[in-house]
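J.: Just the structure for this:
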Amino acid sequence: MVKITIISPEGKSCSVWNLKNEIEKLGYKAEIFLLSHPEALMSYDFKLETDLIHSRCGIGCYFDRLTLYSWQFINALEIEGYKFVNSLKTIYLTSDKFKSIKLLAKHKIPTPKTALIRDYEDAVKFIEKYNLSFPVVIKDSFSKCGLRVFIARNFDELKNLTKNAMWEGKLIQEFINFKEGDLYKDMRILVVDGEVVGGYRRVSRDFRTNLYLGNYVEELKIDKELEELALKCAELSGAIILGVDILPTKEYYYVIELNSAPGTKGFKYLGINADKKISEALVKYAKQ
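T.: Purely as a prediction, here's the structure:
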């Protein structure tokens, strides 16, 4: 029988357990492998009994620290020839916000003006080169859940936020004003195996709209332009499963981030069983 292994740092996400349940409903085996388990040891001869690995982790900032362990762990598994959905190439691309922006910009997809910076002087050069005004966004290229994303409203704040930039992979980014009235409302669209499953608006009083930060969702009507944009992002990133985060303005839909392990809680609120769609895709590729 086909067996799928879901790798998670600590298993706190409800999406991890929902995926396991949906895979089992389809009549297949699913195992959650927790990197935080006390008996887990990635030794030189470590192996898993599985037909496919779905990693819910990569390289990123957790609890204000950059971890390479999860990234090294799944890379070590790749040596054994396991099949991954998404591929490690896609996982790395979507973990690295600057690489994602470079890829999208190269293919003429609207994104905020962005630079990888070494220090405060680089940040000032960026502002001057593109004739930007404050505020600007400062974020870690490998940040997760909006936890390392900040606003600089003046040069003093910019100086403080760009300390150790070269050592922490910091980005400076044009601030896109996507506020509607008193609220910020961005968009999250989910693509699974070449199909747009659905989307929602993330609503917040803060410019960081992540649901992890306690924000809520509204229904999103996906028009042809949004659908084509999301599918193009999936094609460029090589993703079978992809969350596409978009900032809407009067002029453009700006793609701000790609996520190869998107949470599904927001879709549940709207009655969309995204976990089932993802599970069906995982089973399909596990059987190939």
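J.: Just confirm residue 54 is within a strand.
T.: Yes: Residue 54 sits within a strand when classified using DSSP: H, G, I helix; E, B strand; the rest coil.
J.: mind listing what it touches?
T.: By CB atoms under 8 Å, 6 or more residues apart in numbering, the contact list for residue 54 reads 4, 5, 6, 7, 19, 84, 85, 86, 282. All C-beta spots, glycine's among them, are computed from the backbone N, C-alpha and C.
J.: so what's it scoring on pLDDT?
T.: The model reports residue 54 with a pLDDT of 98.
J.: who does it bridge with?
T.: residue 6 (DSSP bridges).
J.: need the strands for the stretch 51-200 of the chain, in chain order.
T.: Taking DSSP state E, counting those that start in this stretch as the test, the strands found in the stretch 51-200 of the chain are 52-55, 60-62, 65-67, 114-116, 136-140, 149-152, 170-174, 179-180, 183-192, 195-204.
J.: Any idea which of those strands has the lowest pLDDT on average?
T.: It's strand 65-67: among the strands of the stretch 51-200 of the chain, that one has the lowest mean pLDDT, namely a mean of 63.
J.: follow-up on the earlier one: and the strands of the stretch 51-200 of the chain: which comes nearest residue 232?
T.: strand 183-192 (9.8 Å; CB to CB).
J.: what ranges do the helices span in this protein?
T.: Under the criterion DSSP state H, the chain contains helices at 14-25, 69-79, 88-95, 97-106, 120-129, 155-161, 165-168, 224-237, 265-269, 274-287.
J.: TSV please, covering those and showing mean pLDDT.
T.: Below are those laid out as TSV (pLDDT from 0 to 100):
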stretch	mean pLDDT
helix 14-25	96
helix 69-79	93
helix 88-95	96
helix 97-106	97
helix 120-129	98
helix 155-161	98
helix 165-168	92
helix 224-237	98
helix 265-269	89
helix 274-287	98
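J.: Kindly reformat the strands of the stretch 51-200 of the chain as TSV containing distance to residue 103.
T.: Below are the strands of the stretch 51-200 of the chain laid out as TSV (distance: least, CB to CB, whole Å):
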stretch	distance to residue 103
strand 52-55	20
strand 60-62	18
strand 65-67	22
strand 114-116	12
strand 136-140	17
strand 149-152	20
strand 170-174	14
strand 179-180	27
strand 183-192	16
strand 195-204	20
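J.: Which one of the ones you listed lies nearest to residue 250?
T.: Counting by CB to CB, residue 250 lies closest to strand 179-180 out of those; the figure is 11.0 Å.
J.: and the closest one, which strands flank it?
T.: Checking strand 179-180 against DSSP bridges gives partners strand 183-192 (antiparallel).
J.: now the strand it pairs with against helix 274-287, angle please.
T.: 30 degrees (axes from the mean of the first three to the mean of the last three CA atoms, to 10 degrees).
J.: So what's the residue count around the residue nearest to residue 246 when sequence neighbours are not counted?
T.: Sequence neighbours aside, residue 187 is the residue nearest to residue 246 in space, at 4.2 Å (criterion: CB to CB, 6 or more residues apart in numbering). Residues contacting residue 187 under the criterion other CB atoms under 10 Å number 23.
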